[in-house]
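In: Everything below, folded, please.
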Amino acid sequence: MLYISKVANQLPSNETLPFFAVPKAVKAFLHAFLKRYNRQIVPIRSPFADMRRFIDPNQGVGIVDGGAHYGEISIEFLKIFPNATIYAFEPETNAFNRLRERARSYKAIHPIKNALGSTCRSMELYVNRFDVTSSLLPRSELGEKYTSWKTELDHVEMVHLTTLDHWWSEMGNPAIEILKLDLQGWELEALKGAAYLLKSSILAVFIEISFAALYQNSCAYYQIGALLGEYGFELYQLYHLRTDQDGRLLYADALFCKSELMPS
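Out: Next up is the predicted model:
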C-alpha cells in the first residue's frame, strides 16, 4: 500500500491524499487559508529524496519494483533517478496490462508478469476489488476488521512466482542497487529469494512493513528488520504510518540502507 497517488481514482471520500498530489491551485488556496489563521502545512518526508542521500541520482541505477501495480512508483523513481533501469514485477493480469500500456511511454520501465517469492512455483493470487491490496495471502480477521472495503475479494488467479536471485541470473546479472517491495504481507518471502542480491549489490530497500496481521500468515515488521539486518542493512526512516480510528498502528513504509551508507 505504498503511498503515492496510485490509488487516487479508487479512494472513497473519507480517504486522504499526500499533499504533493494536490493540484497547485488547491495548494495555493490552502496555504492562503491557513496563513490567515496562523497555521501551516508541514511537508511529508519523501523516501525518494532520502534515497538521493545515499545513491547518486545521475548514475544508471538498477531498480526492482516488486508489486508494481500500474507503474506509479516506477514513474516516481524515474523522477529522482532519470537514468535508472526499472524492472517492474506485477503478477495480476489486469494490473499488468495497465502497467505494460503505461510503460510504453517509458523506455526505462520493463514490465515483468511475475510474483516474487522464496521459490519458483505457481500460487493463487487473491485479487481484491480494490486491486492494489491483492495478495498471495487471504485476508485475516484483522484485515476484515480494519480494511474490509479495501480487501474484499473479487476473484482468485493462478500466478507464477520467481525468486529475484533466479530472475537475476536468467537475465544475465543486471546491476540492481534499489529494491522496492509492496506485496501485502508477502515481503519476507521475496527477501528470502533475494539473498545473493542483498549480499552483493542492493544498497537500499524500500518496503512496506506490517504492525498488524491484515493477511493470514503475513510477515511482521520485526521479521523484516531481522532478515535485512543479517545482510548488513539498517533502518533509516519510516514513512506514512497508517493508524485506525481506534489508534492501532497498522502499517508503514520503511527505508533500509546498507550500514556503510548510514550517517555516522
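
In: Make sure Val127 is indeed in a helix.
Out: No. Looking at Val127 with DSSP: H, G, I helix; E, B strand; the rest coil, it is strand, so not inside a helix.

In: Okay, it and Glu157: tell me how far apart.
Out: 5 Å (CB to CB, to the nearest Å). For every residue, glycine as well, the C-beta is placed using N, CA and C.

In: shared neighbours, these two?
Out: When contacts are counted by CB atoms under 8 Å, 6 or more residues apart in numbering, Val127 and Glu157 are jointly contacted by Glu92.

In: where exactly do the helices run in the stretch 101-250 of the chain?
Out: 141-146, 164-170, 187-192, 195-200, 221-230 (DSSP state H, counting those that start in this stretch).

In: between Val127 and Glu157, who's got more neighbours?
Out: Val127 (20 against 15; other CB atoms under 10 Å).

In: quick one: low-confidence parts of this structure?
Out: Within the chain, the set of residues satisfying pLDDT under 70 comprises 1-22, 39-43.

In: Can you check which helix is longest in it?
Out: Counting residues, the longest helix in the chain under DSSP state H turns out to be helix 24-36.

In: Downstream of that helix, the next helix or strand is which one?
Out: helix 47-51 (DSSP states H and E).

In: Output that following helix in CSV with nothing but the alpha carbons.
Out: Taking Å, rounded to 0.1, in the frame of the first residue of the first chain, the C-alpha atoms of helix 47-51 are listed here in CSV:
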residue,chain,number,x,y,z
PRO,A,47,11.6,8.4,0.7
PHE,A,48,12.8,9.2,-2.8
ALA,A,49,14.5,12.3,-1.8
ASP,A,50,16.1,10.4,1.1
MET,A,51,17.5,7.8,-1.3
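
In: Tell me the helix or strand right after it.
Out: Next along from helix 47-51, by DSSP H and E: strand 62-66.

In: counting contacts, what elements does that following strand pack onto?
Out: helix 72-80, strand 85-89, strand 178-181 (3 or more CB pairs under 8 Å, 6 or more residues apart in numbering; DSSP states H and E).

In: Outside of that strand itself, list whatever touches it.
Out: 71, 73-74, 77, 81, 84-89, 116, 164, 174-183, 190.

In: rerun at 6 Å
Out: 73-74, 77, 84-89, 116, 174-181, 190 (CB atoms under 6 Å, 6 or more residues apart in numbering).

In: again with stretch 163-177
Out: Outside stretch 163-177, the residues that reach it (CB under 6 Å, 6+ apart) are Val61, Gly62, Val64, Cys120, Gly193, Ala194, Tyr196, Leu197, Ser201, Ile202, Leu203.
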